[in-house]
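Trainee: Let's see this in three dimensions:
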Amino acid sequence: MKKMKWMVLGLAIIAMAPAAMGAALITQGSNELGLSGFLDFQSGLGTDVNIEVRYAYFVIDRASLGGKFCLRNNEFFRYFTIGVSGEYNFKLPNEYRPLFGTDLVPFVGAAVDYRYSNVKYMDDESAVVFGAEGGVKFFLTDTTAITVSLRGEIATEDVFVDDDEITNRDLQLLLGMRFYF
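Mentor: Numbering: from 1, shown residues only. Okay, the predicted model is just below:
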């Protein structure tokens with residue numbers, strides 16, 4: 001019985017080895033779909049919904065161009081964003097492979113968006129928003145990654161809510177999923 005367990009374990013490791021030796025699917029011609037957001041039924045602002053969807057196409061290896069859509073709505077403020085973005089993914093040396101998963105990919109990106117913002121008791125505002133982002137993608141498989149990034153944005157008008165104040169700057173720590181096909 002013990003030999004059977006070791007044999008099954010050995011076969012499982014051999015079967016998973018090609019996946020562990022794979023590489024992230026960030027080559028020319030690939031597509032990327034990014035999803036992030038939250039739904040909070042009992043926040044201090046009532047029901048709070050935030051959804052961000054992004055699509056990108058890799059025009060060359062490691063570099064993508066695409067678009068994004070973001071929507072946030074609660075009882076105090078709401079906004080809608082649509083824009084274009086570009087991203088470059090760096091290649092780490094082979095000795096920096098993660099313990100599990102297939103790849104670790106640092107990235108930087110830039111975006112230009114249109115944002116419509118509505119804050120309770122204030123006038124509606126529309127603005128052009130310029131953003132920069134940097135982070136890392138942890139590939140669980142060749143086609144699925146968890147992302148952690150820091151994004152800074154500057155707008156032409158006051159469209160961000162920050163500590164009960166309306167401002168034209170925002171800084172966010174983001175966690176999301178990206179899918180490649």
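Trainee: Report the buried residues of stretch 41-55.
Mentor: 48, 52, 54 (16 or more other C-beta atoms under 10 Å). Placement of C-beta: from N, CA and C, glycine included.
Trainee: of all the residues you listed, which comes closest to residue 67?
Mentor: residue 54 (7.1 Å; C-beta to C-beta).
Trainee: who's in contact with the closest one?
Mentor: 32, 33, 34, 66, 67, 68, 69, 85 (C-beta atoms under 8 Å, 6 or more residues apart in numbering).
Trainee: Repeat that for residue 117.
Mentor: 77, 78, 79, 124, 125, 126, 127, 159, 160.
Trainee: In TSV: those residues, plus pLDDT, distance to residue 172 and secondary structure.
Mentor: Below are the contacts of residue 117 laid out as TSV (pLDDT from 0 to 100; distance: C-beta to C-beta, whole Å; DSSP: H, G, I helix; E, B strand; the rest coil):
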residue	pLDDT	distance to residue 172	secondary structure
77	88	15	strand
78	91	17	strand
79	93	13	strand
124	88	22	coil
125	91	19	strand
126	94	20	strand
127	96	16	strand
159	88	14	coil
160	88	10	strand
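Trainee: Put the buried members of the residues you listed into a ChimeraX selection.
Mentor: In ChimeraX syntax, the buried subset of those is picked out as below (16+ other C-beta under 10 Å):
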select :77,78,79,125,127,159,160
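Trainee: just the contacts of residue 117 now: which is nearest residue 179?
Mentor: residue 79 (25.1 Å).
Trainee: How much space separates that closest one from residue 71?
Mentor: Remark: distance between residue 79 and residue 71 (C-beta to C-beta, to the nearest Å) = 8 Å.
Trainee: Equivalent analysis for residue 132, please.
Mentor: 22 Å.
Trainee: Ok, residue 140 next?
Mentor: 27 Å.
Trainee: what does residue 162 give?
Mentor: From residue 162 to residue 71 the distance is 19 Å (C-beta to C-beta).
Trainee: ok, now residue 136?
Mentor: For residue 136 relative to residue 71 (C-beta to C-beta), the value is 26 Å.
Trainee: can you give me the helices in this structure?
Mentor: 2-20 (DSSP state H).
Trainee: Would you state the strands of it in chain order?
Mentor: With DSSP state E, the ranges of strands along the chain come out as 31-43, 46-60, 63-73, 77-89, 103-119, 125-141, 144-155, 160-162, 165-167, 169-180.
Trainee: okay, those in TSV with distance to residue 25 next?
Mentor: TSV is the format used below for the strands of the chain (distance: least, C-beta to C-beta, whole Å):
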stretch	distance to residue 25
strand 31-43	9
strand 46-60	9
strand 63-73	12
strand 77-89	11
strand 103-119	9
strand 125-141	8
strand 144-155	9
strand 160-162	34
strand 165-167	38
strand 169-180	4
